[in-house]
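Asks: Please work out how this folds:
(2 chains)
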Amino acid sequence: MNKIIEVTNLRKNYDSLTAVKDISFYVEQGKLFSYLGPNGAGKSTTIDILCTFLDFSGGEVYIDGLDLRRHSQAIRKIIGVVFQDSILDDLLTVRENLTLRAGLYTSDKTEIRNAVYEAVQTTELGEIIDRPYGKLSGGQRRRADIARALVHKPKILFLDEPTTGLDPQTRKSIWNTIKQLQSKNGMTVFLTTHYMEEAAESDYVIVIDHGEIAAKGTPAELKTRYSSDTVRLFASDEAGLRQLLHDQKLDFTMSAGEFVVKLPDTMSAIPVLENCQTCISGFQVLQGTMDDAFIGITGKELRE
Amino acid sequence: MMVFMKRNLKLFFRDRSAVLFSLLAVFIIIALYAVFLGDVWLDSMKALANVDFLMNTWLVAGLLAVASVTTTMGAFGVMIEDKVKKIDKDFYSSPIKRSSLTGGYLGSALLIGIIMSLVTFAAAEIYIVLSGGAWLDAVSCLKIVLLIFLSTLMNTSLVCFIVSFINSNQAFSTVSTIIGTLIGFFTGIYLPIGSLPASVQTLIKVFPPSHAAALFRQVLMEAPMQTSFNGIPVQYLNEFKYHMGVTYSFGGHEITPLVSILILIGTSAVFYGLSILNMSGKR
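Replies: As a prediction, the model looks like this:
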């Protein structure tokens, strides 16, 4: 196991406010790592620090064995960043944009041309390479942004909410590209996201809230720990059902006229249903989701 | 740094409206003279020979003095855009030195100012000849090119200093419009320095770009002044020079070209220093 990013007691103070409070975590090489949190939790601050863009107030950060404080220039060569905002030039074509930005890393012309070609292939931009960036659709822009981040073949790819604001289909295809970069090219991917289904597909998740780590683990671990499976019962005889559940020593809550019972796993629904058969007109068994886990952890909805 | 400069140049010249707008001061001055100011001057100096040629060269000198102010200002539009759209984040997270970034913005502004001034100069020479004047001789041409370099160098430093305080598109376009409009006053182009009250005259004389204007006038108007004032007592010529801002006097002493050149160089040094101080302090 190789820790490509290692953060120890990271702290960032703004004038009167502490945006990040003594966070520690590490990222394994070649893994897809999700950084999750509600708005204002400190996600962008952390990513800005890791991308050498923002100074930090305390703690230590090592990226690929390099001290972020002392070797920021060396780190910049091995990281690629996809920012939340578009960072390419509207008036230049995709090719011009990529060629210029590749020129920030090397001055070898053939190397630049090959790198641009490869980045374009990976992100499937071939057809629109000579169109001005400003005339592209949202999804195409995002692809171009990713191509920009790949143009110097980084070891680590940082993405700050890469799929926010895209339609569901485009989101899916961008997500597939990201997944492929990680699985095929073995790139380490560090992303912040708003979408649970994306976090659920990553190797490791950290949930941050109020500048502190609220929970961490694999998606499966988080689901088990912070969300539970439930059965929802539609009562035909409310008083009877209440009595039956009470007899079985099952806790329940009422939601929209339905009885919601928490279960250790979905299979446990069967005996409950058998016992309550006479008093219900229908039921629904729900598996815990990352959404539930997130609400369980932070106590708030993520997408507002 | 070269890659970065190339990008800035491309971005500037590809935005046609920005290029056009960067010549704002030039257009204002031409329009003012085409519409009414030109006739006023010609009427008052009808007695002189070849007065068209004389006035045209005077006007062109003024244009050259301010062209690099508004064009470099326009060039810094790219820097503001990068700040506003947060495009600079991308550069800060790539292995290019911050000093190279600042250098890239400055270098491209300087280059744009020089290119646009040279274009203005070429167009103006053609206009002068077409309207009955003569071509400028080779030595004077060389002097003008050198002066363009020097005055652009200084104007870039002044503009850069102003722009380093700006953080939004709106502020930027307001400031560039104000500068583009007022620069003609402060360099004694809308109205010659001699026709203004003493306090304003002093203001013009301490405003560094006015010295670039005077130097341009001295070179461009040399030949036409000789023709027009041929056979007229020299005191009239001297009076004309002071009135039109070809030479300035300070407390009775004439300011020599050398002093004007030193003022340009000194101003550049001071304001480049201040701008770099102001730009590098932020993070």
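
Asks: For the stretch 151-300 of chain A, which segments count as helices?
Replies: In the stretch 151-300 of chain A, the segments counted as helices under DSSP state H, counting those that start in this stretch are A:168-185, A:196-199, A:219-226, A:238-247, A:269-276, A:290-298.

Asks: Turn these into TSV, including mean neighbour count.
Replies: (Glycine included, C-beta is placed from N, CA and C.) Output for the helices of the stretch 151-300 of chain A, formatted as TSV (neighbours: other Cβ atoms under 10 Å in any protein chain shown):
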stretch	mean neighbour count
helix A:168-185	15
helix A:196-199	20
helix A:219-226	18
helix A:238-247	14
helix A:269-276	15
helix A:290-298	21
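
Asks: okay if I get the ones you listed as a markdown table plus mean pLDDT and distance to B:Gly231?
Replies: Shown next, in a markdown table, are these (pLDDT from 0 to 100; distance: least, Cβ to Cβ, whole Å):
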| stretch | mean pLDDT | distance to B:Gly231 |
| --- | --- | --- |
| helix A:168-185 | 87 | 81 |
| helix A:196-199 | 80 | 88 |
| helix A:219-226 | 82 | 97 |
| helix A:238-247 | 84 | 119 |
| helix A:269-276 | 85 | 115 |
| helix A:290-298 | 76 | 93 |
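
Asks: for these, which one sits closest to chain B?
Replies: Closest to chain B of those is helix A:168-185 (Cβ to the nearest Cβ; 18.3 Å).

Asks: Which strands and helices lie in contact with the closest one?
Replies: Other elements packing on helix A:168-185 under the criterion 3 or more Cβ pairs under 8 Å, 6 or more residues apart in numbering or on different chains; DSSP states H and E are strand A:32-36, helix A:109-122, helix A:138-150, strand A:156-160, strand A:188-193.

Asks: can you rerun that using 7 Å?
Replies: The helices and strands touching helix A:168-185, judged by 3 or more Cβ pairs under 7 Å, 6 or more residues apart in numbering or on different chains; DSSP states H and E, are helix A:138-150, strand A:188-193.

Asks: quick one: which of those is nearest B:Gly273?
Replies: helix A:138-150 (34.7 Å; Cβ to Cβ).

Asks: Mean confidence (pLDDT) on that closest one, please.
Replies: Averaging pLDDT along helix A:138-150 gives 91.

Asks: same thing with stretch A:26-41?
Replies: 87.

Asks: For it, list the C-alpha coordinates in CSV.
Replies: C-alpha atoms of stretch A:26-41 as CSV (Å, rounded to 0.1, in the frame of the first residue of the first chain):
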residue,chain,number,x,y,z
TYR,A,26,-4.4,9.6,3.4
VAL,A,27,-5.1,8.5,-0.1
GLU,A,28,-3.8,5.3,-1.6
GLN,A,29,-2.1,5.3,-4.9
GLY,A,30,-4.4,4.3,-7.8
LYS,A,31,-7.6,4.7,-5.8
LEU,A,32,-10.7,6.7,-6.4
PHE,A,33,-11.2,8.9,-3.4
SER,A,34,-14.3,11.0,-2.7
TYR,A,35,-14.4,14.0,-0.5
LEU,A,36,-18.0,14.7,0.5
GLY,A,37,-19.6,17.5,2.4
PRO,A,38,-22.4,20.0,2.4
ASN,A,39,-21.8,23.5,1.0
GLY,A,40,-19.3,25.5,3.1
ALA,A,41,-17.9,22.4,4.8
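
Asks: Could you give me the buried positions within it?
Replies: Neighbour counts using 16 or more other Cβ atoms under 10 Å in any protein chain shown place A:27, A:30-38, A:41 of stretch A:26-41 among the buried residues.

Asks: So which of those residues reach chain B?
Replies: Among these, none lies close to chain B by the criterion of Cβ under 7 Å from any Cβ of the partner chain.

Asks: how about CSV for those residues, with distance to B:Met2 added?
Replies: Output for these, formatted as CSV (distance: Cβ to Cβ, whole Å):
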residue, distance to B:Met2
A:Val27, 36
A:Gly30, 36
A:Lys31, 38
A:Leu32, 37
A:Phe33, 37
A:Ser34, 39
A:Tyr35, 37
A:Leu36, 42
A:Gly37, 41
A:Pro38, 44
A:Ala41, 41
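
Asks: circling back to that earlier point, make JSON lines out of the helices of the stretch 151-300 of chain A and add distance to B:Thr256.
Replies: Shown next, in JSON lines, are the helices of the stretch 151-300 of chain A (distance: least, Cβ to Cβ, whole Å):
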{"stretch": "helix A:168-185", "distance to B:Thr256": "67"}
{"stretch": "helix A:196-199", "distance to B:Thr256": "72"}
{"stretch": "helix A:219-226", "distance to B:Thr256": "79"}
{"stretch": "helix A:238-247", "distance to B:Thr256": "103"}
{"stretch": "helix A:269-276", "distance to B:Thr256": "99"}
{"stretch": "helix A:290-298", "distance to B:Thr256": "74"}
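
Asks: Quick check: A:Leu10 touching A:Phe56?
Replies: Yes - applying Cβ atoms under 7 Å, one finds A:Leu10 in contact with A:Phe56, separated by 6.1 Å.

Asks: Give me the more crowded residue out of the two.
Replies: A:Leu10 (24 against 21; other Cβ atoms under 10 Å in any protein chain shown).

Asks: what sits against that one?
Replies: Shown in contact with A:Leu10 (Cβ atoms under 7 Å, 6 or more residues apart in numbering or on different chains): A:20, A:23, A:49, A:56, A:59, A:61.

Asks: Now do the host helix or strand of the third one against strand A:188-193: the angle between them, please.
Replies: It refers to A:Ile49. Secondary structure assignment for A:Ile49, by DSSP states H and E: helix A:43-50. If you take axes from the mean of the first three to the mean of the last three Cα atoms, to 10 degrees, helix A:43-50 sits at 150 degrees to strand A:188-193.

Asks: what angle do helix A:43-50 and strand A:156-160 make?
Replies: Computed by the same axes, to 10 degrees, the angle separating helix A:43-50 from strand A:156-160 equals 150 degrees.

Asks: The contacts of A:Leu10 into CSV, with extra columns for pLDDT, distance to B:Ala31 and secondary structure?
Replies: Output for the contacts of A:Leu10, formatted as CSV (pLDDT from 0 to 100; distance: Cβ to Cβ, whole Å; DSSP: H, G, I helix; E, B strand; the rest coil):
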residue, pLDDT, distance to B:Ala31, secondary structure
A:Val20, 88, 56, strand
A:Ile23, 90, 61, strand
A:Ile49, 90, 53, helix
A:Phe56, 89, 54, coil
A:Gly59, 90, 61, strand
A:Val61, 93, 58, strand
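
Asks: Tabulate these in JSON lines, adding columns for distance to B:Thr187.
Replies: What follows is the contacts of A:Leu10, written out as JSON lines (distance: Cβ to Cβ, whole Å):
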{"residue": "A:Val20", "distance to B:Thr187": "52"}
{"residue": "A:Ile23", "distance to B:Thr187": "57"}
{"residue": "A:Ile49", "distance to B:Thr187": "48"}
{"residue": "A:Phe56", "distance to B:Thr187": "48"}
{"residue": "A:Gly59", "distance to B:Thr187": "55"}
{"residue": "A:Val61", "distance to B:Thr187": "53"}
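
Asks: I'd assumed A:Phe53 was in contact with A:Ser72.
Replies: No - assessed by Cβ under 7 Å, A:Ser72 is found out of contact with A:Phe53, at 9.4 Å.

Asks: hmm, back to that, buried ones among the contacts of A:Leu10?
Replies: Looks like the contacts of A:Leu10 have A:20, A:23, A:49, A:56, A:59, A:61 buried, using 16+ other Cβ under 10 Å.

Asks: State the distance from A:Lys21 to B:Ile112.
Replies: Applying Cβ to Cβ, to the nearest Å, the value for A:Lys21 to B:Ile112 is 47 Å.

Asks: if you count what's nearby, which of those two comes out ahead?
Replies: More crowded of A:Lys21 and B:Ile112, by other Cβ under 10 Å: B:Ile112, with 26 against 17.

Asks: For that one, list the residues it contacts.
Replies: Neighbouring residues of B:Ile112 by Cβ under 7 Å, 6+ apart: B:9, B:12, B:71-72, B:75.

Asks: 8 Å - rerun?
Replies: Counting by Cβ atoms under 8 Å, 6 or more residues apart in numbering or on different chains, B:Ile112 touches B:9, B:12-13, B:22, B:71-72, B:74-75.

Asks: Many thanks, we can stop here.
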